[in-house]
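Q: structure, please.
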Amino acid sequence: MTGEKKLVLVIDDDEDIRFTITEICSQAGLNAIAAPDGQKGLKLFIEKKPDIVLVDYHMPKIDGLATVKRIRKTDATIPVLVLTVDERQQIADAFLDAGATDFALKPIKAPDLISRININIKIGELLRASAREQKEIFVDKGINNATLRLIVNCLKATNSTLAIEDICREVSLAYPTVHRYLQYLVETGNAGFDIFYGCASKRGRPRNLYYLTDRGEAMSLDLSGQANH
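A: Next up is the predicted model:
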């Protein structure tokens, strides 16, 4: 990144995790401030106006889900990255519905965390641009325009079908986030999937391989047009 350092707000009740994340951010050229709970985190959020917020799920007083909801009432575009050990999709869906943009799983790995932070800061910038142009930021509950554009463009750029894991690597977003957006694209007819069972000698769980439909191709052009205005 160039210019002024981006500011990261970390809200987590674990002192060791707060220290670790602030150190990782510092080494990556980011500024970081931290709060031990949701109540103090919300106060810092209002005072310091960070570029991104990292929120722990399980916290006393105000848990992560309630914290995300309160942040989103104040700011519709700030990227919110949820820190959690819980990989259940229903938990991810609840956070996405509340306004979270992505997830980082504990234990934290520095390269993965920085990648998540950088891509979500970019998403935040795209959302703010949409807000300035008075365009729709959220196309549906838990689905924002900027993240949707990243995933649609990823599908459009490939000449073959992609598994969720492939898309996660390409766009640097967490599995639960990508899964939710693909589910939305399939439900709205913008994407489809083939089921891949593998060869007979390698039995295992079948994988869904996703692709854009003709409707999705048209959607990608529309999203690209929004980005260029």
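
Q: looking at residue 131 now. What's its pLDDT?
A: On pLDDT, residue 131 comes in at 88.

Q: surely it meets residue 124?
A: No. Counting by CB atoms under 8 Å, residue 131 stays clear of residue 124, with 10.4 Å between them. To be clear about C-beta, it is placed using only N, CA and C from the backbone, and glycine gets the same treatment.

Q: quick check: neighbours shared by those two?
A: residue 77 (CB atoms under 8 Å, 6 or more residues apart in numbering).

Q: compare those two (neighbour count), which wins?
A: More crowded of residue 131 and residue 124, by other CB atoms under 10 Å: residue 124, with 23 against 14.

Q: list the contacts of the more buried one.
A: The neighbours of residue 124, taking CB under 8 Å, 6+ apart as the test, are 51, 52, 77, 78, 79, 101, 146.

Q: again, only this time at 10 Å
A: 6, 50-53, 75, 77-80, 101, 144, 146 (CB atoms under 10 Å, 6 or more residues apart in numbering).

Q: pick out the most distant pair among those.
A: Spanning the widest gap among the contacts of residue 124 are 6 and 144, at 19.1 Å by CB to CB.

Q: out of these two, which sits in the busier spot?
A: residue 144 (24 against 20).

Q: shouldn't that one be in contact with residue 181?
A: Yes. In this structure, residue 144 is within contact of residue 181 by CB atoms under 10 Å, at 9.3 Å.

Q: which residues are in contact with each of those two?
A: What both residue 144 and residue 181 touch, as defined by CB under 10 Å, 6+ apart, is the set residue 96.

Q: tell me which of the contacts of residue 124 fall in helices.
A: Among those, DSSP state H puts residue 146 in helices.

Q: ok, longest helix in this structure?
A: helix 110-132.

Q: and that one, how far out from the chain's middle?
A: 8 Å (CA atoms, centre = their mean, to the nearest Å).

Q: hmm, back to that, reformat the contacts of residue 124 as a markdown table; add pLDDT.
A: Compiled in a markdown table, the contacts of residue 124 are given as follows (pLDDT from 0 to 100):
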| residue | pLDDT |
| --- | --- |
| 6 | 96 |
| 50 | 97 |
| 51 | 97 |
| 52 | 98 |
| 53 | 98 |
| 75 | 95 |
| 77 | 95 |
| 78 | 96 |
| 79 | 97 |
| 80 | 97 |
| 101 | 96 |
| 144 | 94 |
| 146 | 93 |
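
Q: got a list of what the residue positioned nearest the centre of the chain touches?
A: In the chain, the residue lying closest to the centroid (CA atoms, centre = their mean) is residue 102, at 2.3 Å. Residue 102 makes contact with 52, 79-82, 92, 95-96, 116-117, 119-120, 123, 147, 171-174, 176-178 under the criterion CB under 10 Å, 6+ apart.

Q: just the ones of these in strands?
A: Within those, residues falling in strands by DSSP state E are 52, 80, 81, 82.

Q: next one: the third one from residue 193, what distance?
A: If I follow you right, that is residue 81. 27 Å (CB to CB, to the nearest Å).

Q: between these two, who's got more neighbours?
A: residue 81 (23 against 17).

Q: surely that one meets residue 54?
A: Yes. With contacts counted by CB under 10 Å, residue 81 reaches residue 54, the gap being 4.9 Å.

Q: and for those two, which residues touch both?
A: With CB under 10 Å, 6+ apart as the test, residue 81 and residue 54 both reach 8, 10, 104, 113, 116, 117, 120.

Q: mind telling me what element residue 61 is part of?
A: Using DSSP states H and E, residue 61 falls within no helix or strand.
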